[in-house]
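>>> Take a look and give me a structure for this.
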Amino acid sequence: MNSTSPAPATPRAPRPEVNLPGPFGTPVPRVDGRAKVTGAARYAAEHFADGMVYGVVISATIARGRIARIDTAAARAVPGVVEVMHHGNRLPMSRLDLMHKDIVSPSGSPFRPLEDDRVHSEGQPVALVIAETFEAARHAARLVRIDYAAEPHRSSLHKRLDEARKPGRLKFGFTPPPKPRGDAAGTFRSAGIRVAAEYLASSEYHNPMEMHATTAVWDGPGRLTVYDKTQGAQNSRMYLAHALKLKKENVRVLCPYVGGAFGSGLRPQYQSLLASMAALKLQRPVRVVLTRQQMFTFGHRPEAVQTIRLSCTPDGRLTSVQHSAVTETSRNEDYVEVIVNWSALLYPCDNVALDFKVVPLDRFTPIDMRAPGAVTGVHALECAMDELAYAADLDPLALRLCNYAERDHGEDKPFSSKALRDCYAQGAERFGWARRSAAPRSMRDGRTLIGWGMATGVWDAMQMPGAARAVLQADGTLAVSSATTDIGTGTYTVMAQIAAASIGLPLDKVVFTLGDSTLPMAPIEGGSMTVATIGTAVQAACHKLARTLFRMVRVLPDAPLGKPLFKEVEFVDGRIRLVADPARSVAFDDLMRRSGKDRVEEKTLSLPHFLKQRKFTRSTHSAVFAEVRVDEDFGTVEVTRIVSAIAAGRIVNPRTATSQIQGGVVWGISHALHEEALHDHRLGKVVNHSFAEYHVPVNRDIGEIDVLFVPEEDDVVNPLGVKGVGEIGMVGVSAAIANAIFHATGRRLYSLPMTPDKVMAPGG
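Presented below is the predicted three-dimensional model:
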């Protein structure tokens with residue numbers, strides 16, 4: 001593609017192939033499913049343009065220092081190599097920190113690829129080799145010689161805990177811990193029933209199916225079309241335009257399909273800027289794809305050290321809660337998560353003290369990973385609650401019911417809705433919790449120990465401003481669009497369902513388009529807020545369009561419906577008809593023809609009802625029940641059953657929602673038993689940076705996952721009454737498994753992941 005080539009059209013949106021029903025609550029199959037399984041769906045590294053070249057990133061081999069010398073002569077001599085880009089010959093970038101921030105950047109100075117000769121973390125990109133073929137670029141990259149002047153680095157969180165400090169607060173979604181209430185420390189010291197423990201969590205790295213990739217197409221001086229792996233096309237566009245000093249309208253970012261992300265695509269990763277910079281420099285399309293090993297060179301779930309102290313009365317009433325957490329961040333930015341706040345939210349208590357600090361290390365800035373903060377913090381809280389239940393000689397479920405929060409005591413607000421009690425009841429019944437033998441090591445099958453454990457899950461129910469456009473075509477089909485993203489969660493399908501139900505069309509008459517920065521405004525696709533945000537906008541746009549059609553039908557010369565009021569008509573199966581006389585109706589396509597229009601368009605910006613919402617705490621809840629089988633001789637743990645009972649408001653599509661919860665449970669099992677980044681602190685390096693050594697679960701590791709949705713109505717969270725299900729599925733899973741392991745073995749494990757060596761070691 002060159003400067004005279006036309007701009008690419010918005011990628012074709014998937015369309016249902018059969019006339020499926022579209023109302024809320026229908027388990028509709030994914031409308032994009034066929035495109036994905038047949039290969040028709042194109043991802044960031046599968047878009048082609050004339051004259052395209054290929055970039056291979058060279059990663060730093062030291063954890064801190066500077067580049068003393070770069071010798072590119074041998075690489076440039078490789079046939080097909082067109083450039084070796086590094087800090088000495090890159091294009092100019094903006095010098096201001098603000099211009100390198102995106103909407104989810106934390107406090108501090110964002111990393112700038114190839115900015116100068118400084119190395120801030122091991123694996124940092126220090127050069128980009130570009131060639132006519134990928135093979136030539138990869139070969140040449142091995143020939144670049146880089147001399148480093150290494151400096152002492154610090155990569156161990158545990159050795160630097162005494163340097164922990166309060167972080168900056170400027171990160172989207174972060175709320176500092178609430179102020180202490182009561183006398184938590186004094187009450188704990190005088191309590192008869194109390195537990196205290198330190199919980200350790202390893203850092204985890206994003207490894208979605210699709211590795212991070214960018215295809216940047218030069219469209220003329222200062223103009224780019226960028227196919228990117230991102231969870232926010234408009235966020236990436238803003239970042240690239242600002243960092244490269246381009247006009248926003250001259251940068252278009254497309255991400256019609258994303259092969260998994262769950263936080264890794266919230267911030268634009270470094271391959272995006274490198275590919276875009278190279279395309280501008282060479283004035284030709286450039287593709288950059290990170291290797292699996294390079295997926296371990298950028299953000300990750302941070303390592304954490306937590307301390308929990310709980311006390312209660314003999315009947316189980318909590319008398320004190322103390323929860324502190326220390327996590328890693330980079331030296332340049334203060335990455336923060338909401339880790340300890342959940343301990344003030346889930347259970348009522350008069351004496352609460354929470355604390356959160358960070359330790360700056362020579363590592364890349366961490367990033368959000370599915371249910372950031374909650375996965376870490378709720379794990380510690382729910383394991384401690386289980387330990388407290390045994391100390392008080394109470395059933396773990398009974399302890400939670402004894403401390404059930406009817407309102408948010410930390411913020412002194414009611415919940416907009418809370419069906420957690422029903423989650424406990426229905427989940428326990430489905431799991432068979434009443435048949436549980438209370439004593440540890442009391443359930444076995446031969447030499448295999450069996451354990452049952454449970455935990456609570458919680459996540460925010462958020463809504464952000466978002467926009468959508470609805471266009472009715474002359475043939476009666478509806479095209480709806482927004483710049484949101486689908487990372488595999490079912491956004492295409494659910495938005496089409498909402499549109500179809502909102503204007504009374506069969507689902508096969510609706511096409512939803514997304515993943516284009518030129519479409520109506522959408523926030524990043526994260527935090528389980530997409531359906532609440534963009535779904536509300538889609539509904540509003542379709543309702544606005546329905547009123548336009550109503551006005552059109554009222555002015556038809558022959559007045560087929562008379563002059564009804566809006567409340568006297570309904571929109572069903574692509575027709576406007578009288579409620580009192582359904583036989584009198586007008587089809588949408590006939591209305592368009594008779595009105596002389598080939599399209600009718602409406603666009604809506606939907607804003608949260610802040611004044612109404614601010615009076616309530618809006619949350620999604622879950623109850624997780626787990627069964628494990630433990631081979632005590634070998635320390636292996638098999639998770640045979642999980643029951644996850646979810647209260648998430650109105651469920652638009654039970655099929656895709658169930659898939660989301662199941663995926664969260666799988667990741668929770670991985671978090672509990674498998675995933676662990678191993679650091680060699682002598683080198684400041686992650687040493688198990690491959691699937692051969694960084695363990696993730698396979699099919700054999702996953703047992704039965706039973707998901708049930710508890711009915712819950714909420715007219716506060718948003719007009720649809722929906723809450724997100726992407727994050728909540730993972731929260732509490734690792735705690736339920738840890739508690740089940742204790743029930744099976746009588747051993748408390750305080751360090752994640754719970755590998756066989758820890759299971760066999762008494763005391764964890």
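>>> CA only for contacts and neighbour counts going forward, please
Will do.
>>> Could you check which helix or strand contains the closest residue to R142 other than its chain neighbours?
Of all residues not flanking R142 in the chain, A75 sits nearest, at 7.8 Å (CA to CA, 6 or more residues apart in numbering). Secondary-structure element containing A75, defined by DSSP states H and E: helix 73-76.
>>> what's that helix in contact with?
For helix 73-76, the surrounding residues in contact (CA atoms under 8 Å, 6 or more residues apart in numbering) are V81, V82, E83, V84, A140, A141, R142, L143, V144.
>>> Do I have it right that the fourth one meets V129?
Yes - if you go by CA atoms under 8 Å, V84 and V129 touch, sitting 4.5 Å apart.
>>> ok, those two, which is more surrounded?
Just comparing V84 and V129: by other CA atoms under 10 Å the higher neighbour count belongs to V129, 29 against 25.
>>> give me every residue that touches that one.
So V129 contacts G55, V56, V57, I58, V81, E83, V84, M85, A137, R138, A140, A141 (CA under 8 Å, 6+ apart).
>>> same thing with A184?
Under the contact definition (CA under 8 Å, 6+ apart), the residues listed for A184 are T319, S320, V321, Q322, N351, V352, A353.
>>> which phi and psi does the residue nearest to V288 when sequence neighbours are not counted have?
Using CA to CA, 6+ apart and skipping the chain neighbours, the partner closest in space to V288 is G55 (4.8 Å). With angles defined as degrees, to the nearest 10, G55 sits at phi -110, psi 140.
>>> got it, and V326?
With angles defined as degrees, to the nearest 10, V326 shows backbone torsions of phi -130, psi 130.
>>> OK, contacts around the most far-flung residue of the chain relative to its centre?
Summary for the chain: using CA atoms, centre = their mean, the residue whose C-alpha lies farthest from the chain's mean C-alpha position is D558, with a distance of 53.1 Å. Under the criterion of CA under 8 Å, 6+ apart, the contact list for D558 is empty.
>>> Likewise for T319?
Taking CA under 8 Å, 6+ apart as the contact definition, T319 lies against A184, T187, F188, L310, S311, C312, T313, C349, D350, N351.
>>> Go again with 10 Å.
Contacts here follow CA atoms under 10 Å, 6 or more residues apart in numbering; on that basis T319 touches 182-184, 187-188, 191, 193-194, 310-313, 348-352.
>>> so which strand or helix has I498?
Secondary structure assigned from DSSP H and E places I498 in helix 491-503.
>>> ok, D50 touching D219?
No - counting by CA atoms under 10 Å, D219 is not a contact partner of D50; they are 11.6 Å apart.
>>> Which one's more surrounded, these two?
Shown here are D50 and D219; by other CA under 10 Å, D219 has more neighbours (23 against 11).
>>> about what we covered before: so for V84 and V129, which residues contact both of them?
Common neighbours of V84 and V129, using CA under 10 Å, 6+ apart, are G55, V56, V57, I58, T72, A75, R76, A137, A140, A141, V144, A278.
>>> okay, now the closest residue to the fifth one other than its chain neighbours: neighbour count?
I take that to be T72. Leaving out its chain neighbours, the residue that sits closest to T72 by CA to CA, 6+ apart is V144, at 5.0 Å. Residues near V144, counting by other CA under 10 Å, number 18.
>>> List the contacts of V144.
By CA under 10 Å, 6+ apart, V144 lies in contact with I58, I70, D71, T72, A73, A74, A75, R76, V84, A127, V129.
>>> can you check A344 too?
With contacts defined as CA under 10 Å, 6+ apart, the neighbours of A344 are 177-178, 180-181, 321-323, 350-354, 408-411.
>>> right, and the helix or strand after whichever strand or helix holds it?
Here A344, judged by DSSP H and E, is contained in helix 342-345. Following helix 342-345 in sequence order, the next helix or strand is strand 352-361 (DSSP H and E).
>>> Any regions of this protein where pLDDT drops low?
Counting by pLDDT under 70, the chain contains low-confidence residues at 1-13, 15-23, 763-764.
>>> Where do the strands of the stretch 301-450 of the chain begin and end?
Applying DSSP state E, counting those that start in this stretch to the stretch 301-450 of the chain gives strands spanning 304-312, 318-330, 333-334, 352-361, 407-408, 413-414, 444-445, 448-460.
>>> ok so, going back, any chance of the contacts of V129 in CSV, plus distance to K597 and secondary structure?
Written out in CSV, the entries for these read as follows (distance: CA to CA, whole Å; DSSP: H, G, I helix; E, B strand; the rest coil):
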residue, distance to K597, secondary structure
G55, 48, strand
V56, 51, strand
V57, 52, strand
I58, 56, strand
V81, 55, strand
E83, 53, strand
V84, 55, strand
M85, 53, strand
A137, 54, helix
R138, 55, helix
A140, 59, helix
A141, 58, helix
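>>> nearest to S585, of those?
Among the contacts of V129, G55 lies closest to S585 (CA to CA), at 59.1 Å.
>>> What's the local residue count around the closest one?
One way to gauge burial is a neighbour count; for G55, by other CA under 10 Å, it gives 34.
>>> can you pull out the helices in the stretch 651-764 of the chain?
In the stretch 651-764 of the chain, helices defined by DSSP state H, counting those that start in this stretch lie at 654-673, 733-745, 756-760, listed in chain order.
>>> Which of those sits closest to D714?
For those, distance to D714 was read as CA to CA. The smallest value, 17.5 Å, belongs to helix 654-673.
>>> Which of the residues in that closest one are classified as buried?
Under the neighbour-count criterion of 16 or more other CA atoms under 10 Å, helix 654-673 has 654-673 buried.
>>> Hmm, L673 and P697 touching each other?
Yes - using CA under 10 Å as the test, P697 is close enough to L673 to be in contact (8.6 Å).
>>> overlap in contacts of the two?
The overlap between the contact sets of P697 and L673 (CA under 10 Å, 6+ apart) consists of W667.
>>> Relative to D393, how far out is the most centrally placed residue in the chain?
The centroid of the chain falls nearest to F262 when counting by CA atoms, centre = their mean (3.4 Å). Distance from F262 to D393, counting by CA to CA, to the nearest Å: 39 Å.
>>> Equivalent analysis for V129, please.
Using CA to CA, one obtains 64 Å as the distance from V129 to D393.
>>> again with R447
27 Å.
>>> who does the closest residue to K615 other than its chain neighbours bridge with?
Leaving out its chain neighbours, the residue that sits closest to K615 by CA to CA, 6+ apart is K413, at 6.5 Å. Beta-bridge partners of K413, counted by DSSP bridges, are D408.
>>> how about K413, what does it touch?
Taking CA under 10 Å, 6+ apart as the criterion, K413 is in contact with E406, R407, R614, K615, F616, T617, R618.
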